[in-house]
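>>> here is my input, please return the structure:
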Amino acid sequence: MSDLFWLTDEQMARLQPIFPKSHGRPRVDDSRVLSGIIFVNRNGLRWRDAPREYGPAKTLYNRWKRWSDKGVFTRMMDGLASKGADRKTIMIDATYLKAHRTASSLRGKKGGSGRLIGRTKGGMNTKLHAVTDARGRPISFFMTAGQVSDYTGAAALLDGLPKAQWLLGDRGYDADWFRDALEEKGITPCIPGRKSRTKAVKYDKRRYKSRNRIEIMFGRLKDWRRVATRYDRCPTVFLSAVALAATVLFWL
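Modelled structure (predicted):
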């Protein structure tokens, strides 16, 4: 029992308002089931291999799938981040998450957005785009296929950016349209210019040094094995795994 992960009463109290209301028969113990879901995601287990202390594997999986489809896990992160984020400075970046063959073996449903898996030099990957607060804690995520450019993620995350004074980003985000859009929002970009620019771009080099916090955030997320390696075919379910890891690591 000592090696198993259990949510504390205090953590459960913070999450309880976000849980869906139970209709009809009362749900199986939320603390036990959610702790089991976290344990499986953190350790990269198959659901059938979950320790018996968490209850039936079918119960864990059904709750995981049902709440993922309803967006419960992403709302957990969004709800906690909206109250505690340090938004004076925000950061943007993206990382690759390797897709296991079980995630990319079948085509997506017709009319859907696909599995959001693409081929890169490193193989089959999904790209995770993220915005964090000044302390490197994730505020929002956007997921694309691996070969999609950073610009696409930046455009998708742009409208949801919080009010901030600064945005830190690497050279991959050096585009005039992005700088102009940030300035329209009252955000000062701290982004080095691409080497191909004929005129050098000035930026606050001292402030830029703190951008490593978002890279540290990605590294900690990848400590969760079902995040570092994508086993889920459904992109919504996989994004739920990312959001759950971010909630436990940074917001609880």
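
>>> tell me how many other residues surround residue 137.
20 (other CB atoms under 10 Å). Yep, even glycine has a C-beta here, placed from its N, CA and C like the rest.

>>> next, the contact list for the nearest residue to it once chain neighbours are set aside, please.
In space, and not counting its chain neighbours, residue 137 is closest to residue 250: 4.2 Å by CB to CB, 6 or more residues apart in numbering. Neighbour list for residue 250: 137-138, 217, 220 [criterion: CB atoms under 8 Å, 6 or more residues apart in numbering].

>>> show me what contacts residue 150?
If a contact means CB under 8 Å, 6+ apart, then residue 150 has 94, 129, 172-173 as its contacts.

>>> might you report the residue contacts of residue 102?
231, 233.

>>> could you list the domains of the protein?
Domain segmentation of the chain under automatic domain parsing yields 9-19+26-70, 86-233.

>>> now render those as CSV, adding mean pLDDT and distance to residue 76.
As requested, the domains of the chain are exported to CSV (pLDDT from 0 to 100; distance: least, CB to CB, whole Å):
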stretch, mean pLDDT, distance to residue 76
domain 9-19+26-70, 94, 5
domain 86-233, 91, 12
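
>>> for residue 246, which of the ones you listed is the nearest?
domain 86-233 (4.6 Å; CB to CB).

>>> shouldn't residue 243 be in contact with residue 142?
No: at 11.8 Å, residue 243 does not count as touching residue 142 under the criterion of CB atoms under 8 Å.

>>> out of those two, which sits in the busier spot?
Neighbour totals were compared for residue 243 and residue 142, and residue 243 leads with 24 against 19 (other CB under 10 Å).

>>> still on that earlier bit, just the ones in helices from the contacts of residue 250, please.
Those of those mapping onto helices are 217, 220, per DSSP state H.

>>> the residue nearest to residue 137 looks like it's in a helix, true?
Yes: applying DSSP: H, G, I helix; E, B strand; the rest coil, one finds residue 250 inside a helix.

>>> so it versus residue 221, what's the distance?
Distance, residue 250 to residue 221, by CB to CB, to the nearest Å: 9 Å.

>>> where exactly do the helices run in the stretch 51-200 of the chain?
In the stretch 51-200 of the chain, the helices defined using DSSP state H, counting those that start in this stretch lie at 57-69, 72-84, 101-104, 150-158, 176-184.
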